[in-house]
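**Q** Show me how the following folds:
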Amino acid sequence: MTSRRSSVTSYSSISSYGSNFDTVPTLTKTPWELDRHKRNSLSRRTRRSAGLSAHFFQKLPREVYDCILQQLELLHFHSGAHICPSCYLRDMHNLALTSRAWDIATREKLYRNVWILIDDAPHDLKKLKIKTASRLKLLRRTLRERTALAKYVRELIVPDFQELYQNVKGSEKLDVIDMMSSVVMACPNLKKLSGFYIPYDHNFDRLSHALSTRRNLKEHVWLLENSRRIQITPDGDKTNSEFYFPHNDPTEIFLQHSDHWSSLSTLILHSQNPGCMNFRSFIATFRKLPSLQHLLLSNFSSSEFTDQTLHALPPLHSLRLQDLPGLTDKGLLRFANSHAAKTLRSLLLIDLEIMHLPVLTKFISNLPLLRRFTLVQDGSPALFPGAVLARPIFRSTSLEFLHWDILVPGAANEDLAESIATGAFPKLRTLRSPSDHDGLLQDVCRPLAQIAQPCDAHPDTQIHGSETHYVRSLSAARVAAQERIEDARKRAGMKIIVEEDGVVQHTYTMRAFMGRIGSRIEYSLEPDVEGAESAVVSVEELMKGQRVDEDKGGRWNRVRKGCLHFGRERRRVQLGMFF
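**A** Predicted structure coming up:
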């Protein structure tokens with residue numbers, strides 16, 4: 001009889017004395033043994049992570065929180081031009097409720113760039129009353145009571161109050177200004193007031209005074225109006241009095257606002273009617289702003305802003321000259337050769353009607369640091385009879401972005417296309433030409449498969465000009481560019497013939513295309529502000545803001561992004577877009 005011990009060790013005996021097995025048998029674990037191992041490992045991992053989380057997240061460095069908050073801001077504000085401040089503030093508030101550490105991190109972020117929204121839905125803006133701005137009053141009280149939070153504030157973003165200010169009348173306008181100025185006075189380190197811009201008529205208002213006391217202010221917008229009772233003459237005197245009182249001089253009052261703006265880097269001066277400024281006002285303002293880098297001058301009469309004023313400009317990084325009839329081609333040519341122009345990185349010449357072609361060639365060729373150049377006008381500049389320029393006429397080794405919008409086509413478009421084709425712009429990457437009626441500039445850029453947008457198919461946007469009447473429209477320009485692309489596809493560009501022993505086996509036809517293979521220049525017809533009809537952002541868009549239209553996909557876009565509240569989504573217009 002075989003014992004139990006011998007039966008247990010039978011496998012060993014067979015393995016030891018037998019040699020007929022081809023492979024050595026192995027033991028396989030049963031299913032319940034495998035499940036027991038998985039349960040033990042899972043429980044160990046769970047206990048380890050649960051024990052680590054309480055200490056690990058408490059010791060995270062502040063930089064980790066800041067990085068997460070920065071990514072959250074990018075998701076809301078940099079995924080496109082359409083932004084929804086309500087969703088961003090909601091997410092930040094929910095994040096602050098998770099822990100004490102997150103509350104500290106989000107508090108500084110929220111108060112550094114403060115969004116102030118009104119309480120009403122957009123469709124009720126016309127019925128707004130001043131009492132509805134409860135959030136602004138609550139913020140004012142918080143900043144006054146908690147000065148530590150007030151020191152965090154660097155920017156006040158109030159886009160809805162621009163619309164509120166425009167809809168109310170009479171004394172309610174003053175109430176809006178007074179409330180806004182009181183919030184500004186509560187922020188000692190304020191650098192920007194974004195989204196709220198009111199006219200200045202050389203009379204005292206509390207908001208202008210409050211901003212003039214902020215020593216760290218980085219940007220400001222002057223929307224200048226001529227007072228009904230005061231008119232500034234070119235020599236700076238008042239026209240309604242024979243005596244001079246310095247404290248009543250509108251020029252002196254205006255200049256006093258710049259006394260503490262040693263940090264101001266961006267300035268917009270826009271005149272809404274003539275007689276607002278004079279030579280002394282411009283020069284003294286520039287001298288009081290030692291940190292000025294970006295300047296916009298717009299809509300001043302020929303007696304207010306002249307060639308003499310242009311030559312007194314300080315060295316800048318960005319300069320935008322718009323609708324200034326007092327400037328001449330001779331004055332612009334002299335400025336292009338001046339020392340002040342050598343530091344320009346961005347130059348915009350809009351509605352100056354430059355008719356002398358060498359003025360443009362000087363600006364493009366003589367500025368060694370120029371990265372962006374914008375030209376918008378109706379007439380096409382040309383050479384004087386008998387004048388000759390070396391080819392290529394236009395050239396730049398630094399230019400990266402070119403906006404070329406000459407409404408009436410002429411020789412300048414042909415010269416520019418020829419210069420680009422010969423490689424005179426080695427660093428140029430983007431070319432935007434809404435008035436490229438003949439497609440000359442599109443043909444020297446990289447080929448595109450699609451440039452038209454779905455909104456361009458609307459019947460109202462298809463505006464075509466005639467040979468004698470041209471229309472400046474981005475939608476029409478995109479439709480025309482798409483038609484040129486489609487027409488090129490209909491033409492045979494290349495034929496490939498496959499032969500074997502002299503017999504044609506296959507014939508392939510490759511269609512033509514609009515553009516140049518190998519070009520690194522992108523042909524763009526996108527506006528500065530998404531959804532705008534004008535390619536270049538205007539001061540009017542800054543004043544009125546850009547709210548997303550719910551009837552043009554805005555509601556669907558909000559639902560798709562998770563925005564289920566009343567639409568406050570808007571296109572934010574920032575001062576940096578003007579340069």
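
**Q** Surely Leu440 is in contact with Ala412?
**A** No - if you go by CB atoms under 8 Å, Leu440 and Ala412 don't touch, sitting 10.5 Å apart. Quick note: C-beta positions are derived from backbone N, CA and C, even for glycine.

**Q** Settle it for me: which of the two has more neighbours?
**A** Ala412 (22 against 18; other CB atoms under 10 Å).

**Q** So what's the model's average confidence on the host helix or strand of that one?
**A** Assigned by DSSP states H and E, Ala412 falls within helix 411-421. Averaging pLDDT along helix 411-421 gives 95.

**Q** before we move on, what about stretch 448-455?
**A** Averaged across stretch 448-455, pLDDT comes to 88.

**Q** Show me what counts as buried in it.
**A** Residues Leu448, Ile451, Ala452, Gln453 are the ones in stretch 448-455 that count as buried (16 or more other CB atoms under 10 Å).

**Q** quick one: terminal-to-terminal distance for that stretch?
**A** Its first and final residues considered, stretch 448-455 spans 18 Å by CA to CA, to the nearest Å.

**Q** Also stretch 509-520?
**A** 26 Å.

**Q** try stretch 361-374
**A** Note: stretch 361-374 ends 13 Å apart using CA to CA.

**Q** Repeat that for stretch 388-395.
**A** Using CA to CA, the distance between the terminal residues of stretch 388-395 is 16 Å.

**Q** before we move on, what about stretch 260-277?
**A** Start-to-end, stretch 260-277 (CA to CA) is 20 Å.

**Q** mean confidence score for it?
**A** Per-residue scores along stretch 260-277 average to 93.

**Q** how far out from the middle of the chain is the helix holding Ala412?
**A** 29 Å (CA atoms, centre = their mean, to the nearest Å).

**Q** Identify each buried residue in that helix, please.
**A** Buried, per 16+ other CB under 10 Å, within helix 411-421: Ala412, Asn413, Asp415, Leu416, Ala417, Glu418, Ser419, Ile420.

**Q** hang on, the fifth one packs against Asp443?
**A** Translated: Ala417. Yes - shown here, Ala417 and Asp443 form a contact pair, counting by CB under 8 Å, at 7.2 Å.

**Q** Let me see the contact set for Leu224.
**A** For Leu224, the contacting residues are Pro199, Tyr200, Asp201, Leu269, His270, Ser271, Gln272, Cys276, Met277, by CB atoms under 8 Å, 6 or more residues apart in numbering.

**Q** Adding neighbour count, secondary structure and distance to Val64, write those out as a markdown table.
**A** Putting those into a markdown table (neighbours: other CB atoms under 10 Å; DSSP: H, G, I helix; E, B strand; the rest coil; distance: CB to CB, whole Å) gives the following:
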| residue | neighbour count | secondary structure | distance to Val64 |
| --- | --- | --- | --- |
| Pro199 | 13 | strand | 46 |
| Tyr200 | 20 | strand | 45 |
| Asp201 | 19 | coil | 50 |
| Leu269 | 21 | strand | 43 |
| His270 | 23 | strand | 44 |
| Ser271 | 22 | strand | 49 |
| Gln272 | 16 | coil | 49 |
| Cys276 | 27 | coil | 51 |
| Met277 | 28 | coil | 50 |
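
**Q** which one of those residues is nearest Pro290?
**A** Of all those, Pro290 sits closest to Leu269, with 17.3 Å by CB to CB.

**Q** so Glu73 is in which element?
**A** helix 62-77.

**Q** Helices along the stretch 401-550 of the chain, start to end?
**A** 411-421, 474-490, 539-544 (DSSP state H, counting those that start in this stretch).

**Q** For the protein, which residues score under the pLDDT cut-off?
**A** Along the chain, the parts satisfying pLDDT under 70 run over 1-25, 32-33, 36-58, 79-83, 119-133, 227-248, 457-469, 545-571.

**Q** His257 and Ser208 touch, don't they?
**A** Yes - at 6.0 Å, His257 and Ser208 qualify as touching, with contact defined as CB under 8 Å.

**Q** tell me, what's touching the two both at once?
**A** Here His257 and Ser208 share no contacting residue, scored by CB under 8 Å, 6+ apart.

**Q** Not counting its neighbours along the chain, what's nearest Arg391?
**A** Of all residues not flanking Arg391 in the chain, Glu418 sits nearest, at 7.3 Å (CB to CB, 6 or more residues apart in numbering).

**Q** Quick one: residues contacting the one you found.
**A** Arg391, Pro392, Ile393.

**Q** Recalculate using a threshold of 10 Å.
**A** Arg391, Pro392, Ile393, Phe394, Ala424, Leu440, Val444 (CB atoms under 10 Å, 6 or more residues apart in numbering).

**Q** List the residues that are in contact with both of Ala417 and Asp443.
**A** Residues touching both Ala417 and Asp443 (CB under 10 Å, 6+ apart) are Asp436.

**Q** roughly how far out does stretch 149-168 sit from the chain middle?
**A** Its chain's C-alpha centre and that of stretch 149-168 lie 19 Å apart, by CA atoms, centre = their mean.
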